[in-house]
Each structure stands twice: as C-alpha cells, then as structure tokens.
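In: One predicted model, sequence on top.
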Amino acid sequence: MILCYNNIRESDGCELRPMSRTELGYTVDADGRNQQLDNAIKRVLSIKVILAWIMRGCVEEYRNYPIDEIVEFIEGEPQISGVPVHASSPELIHGLDTVDKNSGEKTVLYDICFYARLPGSEETIGLIINVEAQNNYYPGYPLTKRGIYYCARMLSAQFNRDLTEGDYGNLKKVYSIWICPHAPDNRDDTIVRYRITEEPLLGDPPEEKRENYDLLSLVFICFNDKHMAERAREPLSGDPAKDVSRLLGVLLSQEIRSFDKQRIVEKEYHMDLSDNSEEVLGMCNLSQGVYEAGFRKGELQGEARGEARGEARGEARGFARGEAHGEARGFATGIESTRTATALKLLKRKMPLSEITEISDLSEERIRNLAKEHGLTVVTE
C-alpha cells in the first residue's frame, strides 16, 4: 500500500489525509509524461536542421553561412544521452559519445554532443558541441558554473579519446549551449555567451593567436511562455540569434498548438521535417499532455485543500472559501514548494539573504522563518 499525502499542514486546522487514487494517478501521469517529454525534446533538438539554426545563432564560426550548408558540417549517427533512437532517421545526430567518464571524476551524461567541421577545413573534428535542455533554471546552484564544468570536461576528455598525452596543440574548441525554456522573466528572450578573452595587465605584448586561447564558449538561450504566443506572430527578423530564440520557443511552448508550430516551422523557417514527423508530433502531444495533467492535478489539489479547510472551519464557510480559494491555492502549492526547496538549498550553501530572496522570490521574513525551522544560519552580507 502506497500512502501519498497532500501538502496540507496541521497548522491550517486540517488533518493530513492520504492522496486520492485520482490525484495520485495524475501525479504519476505527470511525472511519467515529464520524463517522456524530456526524451522527446532531446530527439527533436538533435534533428540536424534544428541544430543548424542553433549553430548559426550561437556559434560564431557559422553565423554567416546558410542553414543547408551548416547541416553538412554536422557529424551523423543517431544517439542522444546514451539512448538509441530510430536507426532509420538519418537527420538525427550523435557523432560523439554522450557519456564522459574520467578516472577519479564524476561521470557526465550530456544531452547531445557531436563533432562539427569548420568551414573551409577538411578536418573531421573542428568543434565539439554540446546541447543541453534545462527545464529548471534555479536547481540550487549557478547553471553557469555547471556549464563551464561541462566545457572543461569536454576539453579534458579529448585526451582520453582523440589526442595523445601532451598534444595540447591539437585541442579542439568546445561549445556548451544550454536551452532554458522556463527561464525567469528577466531572462526571457535572451542569449548570453561566456568565453575566454585576452587582457594584458602590464606592458604592450604582441597579441596571442585567438585560436590558442579561445577554446571554450558557454551559451544560454533563455525564454518562457509568457509572451511566446505574441512572438510567434512576429515575422523572422533576419537576426540569427533572435530567430533561433523564437524557433526554439515555438517548438517547446506548451501554449502554442501543434498545428501552429508546424505552420511556423514549415512556412517561415522552411524546414521539411517529414522524415522526423514522429519525433516532432510526439513532443507536441506530450507537451500538451504534461500541461493538461499538471492543470488537472492542480485542480484536484485545490478542491481537496478547499474541502479540508472547509471541514475544519464549518461546512458553510468552508465551501465558500474552498470554492473561492481552493483552486488558486492548489496551483500555487507546486510553485511555493519549489521556491521553498530552492531557498533551503541556498541557505545550506550559506548564500547571502539578498541573493536568496532574488532567486527564490520569497520574502526575507519567510526565508528567516525557514532558517529557524530547520536550524540554519542566515547570512546577511
């Protein structure tokens, strides 16, 4: 027997009650669909023509090249995150093992990782590119640090795979591109790149060749659904960065209908995805399913919470308040739980109070109370 309890505190004047089979079903359904959706998104992002748009918008080496030429620079072989996909889909890529195992270091499993040739070069390996789909923008640590770590691992892994010891002259440049479809509003519709630059601190030395130090670039493509329907109605801008942000936003949106996604991709981006229609359609259907399952779960939690509060405070008053506040509080429960968990992680890491409030969207008073409840120290500087 499995007992799952709704997030209703005894301090609310209600007894903890087991989650109903219907609510549990929606919870399991949403979790299962989320995992399926995560895999489906990786398959769609690994379609070569979509990768080509990402490369033109984020990888400066391809910015001035047409999409069909960039497609030819991408290495083939169908495998994403170590999970085989349809062998009959030639437009999906692999080209490089997504599992990075170094002795004495943590194993890294990349979402997508592949080789790409540089324009004007005949070498098979010009760049090593990693693409990550990151749903949680605030996982309890800075994503930039994780991204830089991935870049460092892709550099060091070349000695286990492509280079002999000491062959530093042949190190290949690496890119780690992070796609964040649930970014906060202050990051919506932005693309940011982090890279190594030369900065003389004394004297006027001759410039080092850029190719000798410009060996890693970390890129974040951030957007959310808040204004995506509006942006979907805008025409292509001709700016590679802006156009790829719009493309990914449309593809990964839970608000835009599958029919509209197909129309935008085919008519405006001139993509023929007929060979990959199964991957795209599957992702669109799962995206809608996750949205509906989460919506229904929130409705059920709202109703349950409203009823529980109503029983504790009198049937007449309870139903009135339950109907008025139940659904709203049910939807808010998931968001509040996520913010609370994030704040606790950051408190344990001794992050300053001002930063925790900015990241978690909780008040200083709420964070101080959390710290007191869990015996944690609040850092104010």
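Out: That came through fine. Quick caveat: nothing in here was measured; it's all calculated off a predicted structure.
In: helix or strand for K145, which one?
Out: Secondary structure assigned from DSSP states H and E places K145 in helix 143-156.
In: Now for E268: which residues touch it?
Out: 235-236 (Cβ atoms under 8 Å, 6 or more residues apart in numbering). No exception for glycine: its C-beta is placed from N, CA and C like everyone else's.
In: Using PDB, write down the CA coordinates of stretch 174-183.
Out: The C-alpha trace of stretch 174-183 is given here as PDB (Å, rounded to 0.1, in the frame of the first residue of the first chain):
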ATOM      1  CA  VAL A 174      34.200  23.300 -27.300                       C
ATOM      2  CA  TYR A 175      30.800  24.800 -27.100                       C
ATOM      3  CA  SER A 176      28.100  24.100 -24.400                       C
ATOM      4  CA  ILE A 177      24.800  25.500 -25.400                       C
ATOM      5  CA  TRP A 178      22.000  25.500 -22.800                       C
ATOM      6  CA  ILE A 179      18.400  25.900 -23.800                       C
ATOM      7  CA  CYS A 180      16.200  27.100 -20.900                       C
ATOM      8  CA  PRO A 181      12.500  27.100 -21.800                       C
ATOM      9  CA  HIS A 182      11.300  28.100 -18.300                       C
ATOM     10  CA  ALA A 183      13.600  31.000 -17.600                       C
END
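In: And the contacts of that stretch?
Out: 45, 54, 58-59, 127-137, 143, 147, 150-151, 154-155, 187, 190, 215-225, 248-249, 252-253.
In: Look up which helix or strand the spatially closest residue to I67 that is not a sequence neighbour falls in, please.
Out: With sequence-adjacent residues excluded and distances taken as Cβ to Cβ, 6 or more residues apart in numbering, I67 is closest to A52, at 4.8 Å. A52 is part of helix 48-58 when elements are defined by DSSP H and E.
In: Also L218?
Out: Using DSSP H and E, L218 sits in strand 216-222.
In: Which positions in whatever helix or strand comes next after that strand come out as buried?
Out: Per DSSP H and E, the first helix or strand lying C-terminal to strand 216-222 is helix 228-232. By neighbour count on 16 or more other Cβ atoms under 10 Å, the buried set for helix 228-232 is 228, 231-232.
In: what's stretch 116-130 in contact with?
Out: 55, 59, 61-62, 65, 69, 73-75, 96, 110-115, 150-151, 154, 158, 162, 172-177.
In: of those residues, buried ones?
Out: For the contacts of stretch 116-130, buried by 16+ other Cβ under 10 Å: 55, 59, 61-62, 65, 73-75, 96, 110-115, 150-151, 154, 158, 162, 172-177.
In: In the stretch 51-200 of the chain, what residue spans correspond to helices?
Out: Assigned by DSSP state H, counting those that start in this stretch, the helices in the stretch 51-200 of the chain fall at 67-72, 143-156, 158-161.
In: give me the low-pLDDT residue ranges for the stretch 251-381 of the chain?
Out: In the predicted model, the stretch 251-381 of the chain carries pLDDT under 70 at residues 275-335.
In: follow-up on the earlier one: which of the helices of the stretch 51-200 of the chain is buried the deepest?
Out: Most buried of those, by mean neighbour count (mean count of other Cβ atoms under 10 Å): helix 143-156, with a mean of 17.
In: I'd like the buried residues of helix 228-232 written out as JSON lines, with distance to M271 added.
Out: Output for the buried residues of helix 228-232, formatted as JSON lines (distance: Cβ to Cβ, whole Å):
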{"residue": "M228", "distance to M271": "18"}
{"residue": "R231", "distance to M271": "18"}
{"residue": "A232", "distance to M271": "15"}
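In: Just give me the closest of those residues to M351.
Out: Closest to M351 out of these is M228 (30.8 Å), distances taken as Cβ to Cβ.
In: that older thread, let's see which of the buried ones among the contacts of stretch 116-130 end up in strands.
Out: Judged by DSSP state E, these include 112-115, 173-177 as members of strands.
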